[in-house]
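Q: dropping the sequence and predicted coords here.
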Amino acid sequence: MRKVVVTGATGFAGGMLCRRLVEGGAQIRAFVRSTSRKDTLEALGVECRVVDITNPEAVMDHCAGCTSVYHIAAAYRTELSDRAEFWRVNVDATRNLLEAAKRHNVKRFVHCSTAGVQGEITNPPANETYRYQPTDHYQTSKMEGELCALRYFADGLPGVVVRPVGIYGPGDTRFLKLFKPISKGWFVMIGSGDVLYHMTYIDDLIDGFLLAGTRDSALGQIFTLAGPQYTTVRELVDLIADVLHVPRPRWRVPLAPVYAMAWLCERACRPLGIAPPLYPRRLEFFRHHRAFNIQKARTLLGYEPKVGLREGLEKTAQWYREQGLIS
């Protein structure tokens, strides 16, 4: 039986990955925090161990006997988070896991990075060779973690880097901030809506993770995992409205004055230690192209996203309704 370490197992993608691995017959050892809710994982038969992944000795001890590692855990973007926290989790902890995997002769290490390491895509769609250009501490720390993993892979640790794009689906609330205002008729487009955006349904993403964890052709490679199509932000918003059976939003405001207000708001709030309600990075969705070419994953992994955008949005909307998050 495969013995698999999964970090980030209490998160959306990590939890779904654990479920699929268990269904495939793997024995899972999840590294969790002391404050994490473990009920769902334990009900699946997952062994949950409280492990501080920033502690190299703890990671070394608890990786013993495992055949593969899926490193999904990360410090995510939160306002007021400092550079040191991102580095401690996204770089140092990644190095701890890589070193433990090397010492214990792990057969496959799948490192979850992010397409955000490439920053704004000025010539979309981008493939895996597109330049690095992180724009904040989160993206920069993820880039450094990815580069660290690639160095270990080049030195002989059998591993793969995967870069997910715009993860969504039942169980996740990240895109509720888009669905909810559209459902209530509150949504206002900022800018033209002509920038490109790419989404990935959770089931397709997990397919990609599993392929990266098993295919020999994946070793030493970077793969962008995304859905079958990208759209403009305007097209995405209209499609969500159609799925929700509400009128398509028509209100729009220019980007420049909103961006200026966001810049001022962030600078006013930061010295006070207050999370700004509006800040420049929050407007990236309306400003930066995020569209990707997934041909490499198709060719080398056999990755083929099965859930179309409309179908995925319908399933997500249905889950939001079932949870009472939208009407």
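A: Done, it's in. Numbers count the residues shown, from 1 in each chain.

Q: the strands in the stretch 1-150 of the chain, which residues?
A: Secondary structure of the stretch 1-150 of the chain (DSSP state E, counting those that start in this stretch): strands at 3-7, 27-32, 47-50, 68-71, 108-112.

Q: let's have those strands in a markdown table, adding distance to residue 83, mean pLDDT and mean neighbour count.
A: (Glycine included, C-beta is placed from N, CA and C.) Putting those into a markdown table (distance: least, Cβ to Cβ, whole Å; pLDDT from 0 to 100; neighbours: other Cβ atoms under 10 Å) gives the following:
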| stretch | distance to residue 83 | mean pLDDT | mean neighbour count |
| --- | --- | --- | --- |
| strand 3-7 | 21 | 97 | 24 |
| strand 27-32 | 24 | 96 | 23 |
| strand 47-50 | 26 | 96 | 15 |
| strand 68-71 | 21 | 98 | 26 |
| strand 108-112 | 21 | 98 | 25 |
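
Q: now distance to residue 41 too, for those, in JSON lines please.
A: Converted to JSON lines, the strands of the stretch 1-150 of the chain look like this (distance: least, Cβ to Cβ, whole Å):
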{"stretch": "strand 3-7", "distance to residue 41": "9"}
{"stretch": "strand 27-32", "distance to residue 41": "6"}
{"stretch": "strand 47-50", "distance to residue 41": "6"}
{"stretch": "strand 68-71", "distance to residue 41": "14"}
{"stretch": "strand 108-112", "distance to residue 41": "17"}
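
Q: out of these, which comes closest to residue 219?
A: Ranking those by proximity to residue 219 (Cβ to Cβ) places strand 108-112 first, at 8.1 Å.

Q: give me the contacts around that closest one.
A: With contact meaning Cβ atoms under 8 Å, 6 or more residues apart in numbering, strand 108-112 is reached by 8, 13, 67-72, 74, 94, 97-98, 101, 145-146, 149, 152-153, 157-162, 164, 209, 212-214.

Q: given it, what are its sheet partners and their directions?
A: On the basis of DSSP bridges, the sheet neighbours of strand 108-112 come out as strand 68-71 (parallel), strand 159-164 (parallel).

Q: just put these in CSV and tack on distance to residue 48.
A: Formatted as CSV, the strands paired with strand 108-112 follow (distance: least, Cβ to Cβ, whole Å):
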stretch, distance to residue 48
strand 68-71, 15
strand 159-164, 23
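
Q: point out where the chain drops to low pLDDT.
A: 1, 77-81 (pLDDT under 70).

Q: need the helices for the stretch 1-150 of the chain, in chain order.
A: Secondary structure of the stretch 1-150 of the chain (DSSP state H, counting those that start in this stretch): helices located at 12-23, 39-43, 56-62, 83-87, 93-103, 137-154.

Q: residue 203 should be in a helix, yeah?
A: Yes: using DSSP: H, G, I helix; E, B strand; the rest coil, the assignment for residue 203 is a helix.

Q: dump the residue contacts of it.
A: Counting by Cβ under 8 Å, 6+ apart, residue 203 touches 16, 169, 306, 307.

Q: how about residue 169?
A: 201, 202, 203, 312, 315, 316, 319.

Q: identify whichever of the strands of the stretch 1-150 of the chain lies nearest to residue 89.
A: Nearest of the strands of the stretch 1-150 of the chain (Cβ to Cβ): strand 3-7, 10.1 Å.

Q: ok so, going back, among the contacts of residue 203, which are in helices?
A: residue 16 (DSSP state H).

Q: of the contacts of residue 203, grab the buried ones for ChimeraX.
A: If you want just the buried ones from the contacts of residue 203 in ChimeraX, going by 16 or more other Cβ atoms under 10 Å, the selection is:
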select :16,169,307
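
Q: hmm, who's touching stretch 132-141?
A: 75-77, 81-83, 86-87, 89-91, 114, 116-120, 142-143, 281, 284.

Q: end-to-end on it?
A: Start and end residues of stretch 132-141 are separated by 12 Å (Cα to Cα, to the nearest Å).

Q: identify the bridge partners of the nearest residue to residue 51 once chain neighbours are set aside.
A: Sequence neighbours aside, residue 31 is the residue nearest to residue 51 in space, at 4.1 Å (criterion: Cβ to Cβ, 6 or more residues apart in numbering). Counting by DSSP bridges, residue 31 forms beta bridges with residue 7, residue 49.

Q: among the contacts of residue 169, who's most crowded?
A: Most neighbours among these, by other Cβ atoms under 10 Å: residue 201, with 26 neighbours.

Q: any idea how far that one is from residue 151?
A: For residue 201, the distance to residue 151 equals 32 Å [Cβ to Cβ, to the nearest Å].

Q: equivalent analysis for residue 224, please.
A: Taking Cβ to Cβ, one finds residue 224 at 20 Å from residue 151.

Q: next: residue 282.
A: From residue 282 across to residue 151, the span is 33 Å (Cβ to Cβ).

Q: more neighbours: these two, which one.
A: Higher neighbour count among residue 282 and residue 151: residue 282, with 18 against 12, using other Cβ under 10 Å.

Q: ok, the more buried one - contacts?
A: residue 262.

Q: looking at this, it is in a strand?
A: No: assessed with three-state DSSP, residue 282 is helix; it does not lie in a strand.
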